[in-house]
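Undergrad: Just a sequence and a predicted model for now, questions to come.
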Amino acid sequence: MASSLTCAGVVWALLSFLCAAASCVGFFMPYWLLGSQLEKSVSFGTFRRCSYPVRDESLQMTVMVEKCGRYASFQAIPSAEWRICTVVTGLGCGLLLLVALTALMGCCVSELISRTVGRVAGGIQFLGG
């Protein structure tokens, strides 16, 4: 298969894919902030959390749910700033994946990536980062 990338372009494509994959894994994992609450280890990310408190009406007290999960809805994310962070980080990961997958296709398809397309992809990648 012919490639439209130089040697440096192939290295860029592979590194772009690895960085995009690492960013997406980091976005989906709920380990951004670690701490403890009610003597239990807790952690959460932008839209996932582990070991979170819930009000148990039958016992009339707060209990810890010791499992990981997403927030019930977008509005259940604790603050507007955290919702904005979720959207911006998700869009950034999407842009990084788009550029990385396009660059990987450029490794296999001839004349897919020109100098102009490479510069635009680098700009999109910068914006995504």
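TA: Here it is on my side, so go on.
Undergrad: so where is the chain shaky, pLDDT-wise?
TA: 1-4 (pLDDT under 70).
Undergrad: What is the longest helix of it by residue count?
TA: helix 80-108 (DSSP state H).
Undergrad: what's whatever helix or strand comes next after that helix packed up against?
TA: Per DSSP states H and E, the first helix or strand lying C-terminal to helix 80-108 is helix 115-128. Packing contacts for helix 115-128, counted by 3 or more CB pairs under 8 Å, 6 or more residues apart in numbering; DSSP states H and E, involve helix 80-108. To be clear about C-beta, it is placed using only N, CA and C from the backbone, and glycine gets the same treatment.
Undergrad: Report the inter-axis angle for the helix it packs on versus helix 115-128.
TA: 150 degrees (axes from the mean of the first three to the mean of the last three CA atoms, to 10 degrees).
Undergrad: in helix 80-108, what's buried?
TA: 83, 85-86, 89, 92-93, 95-97, 99-100, 102-104, 106-107 (16 or more other CB atoms under 10 Å).
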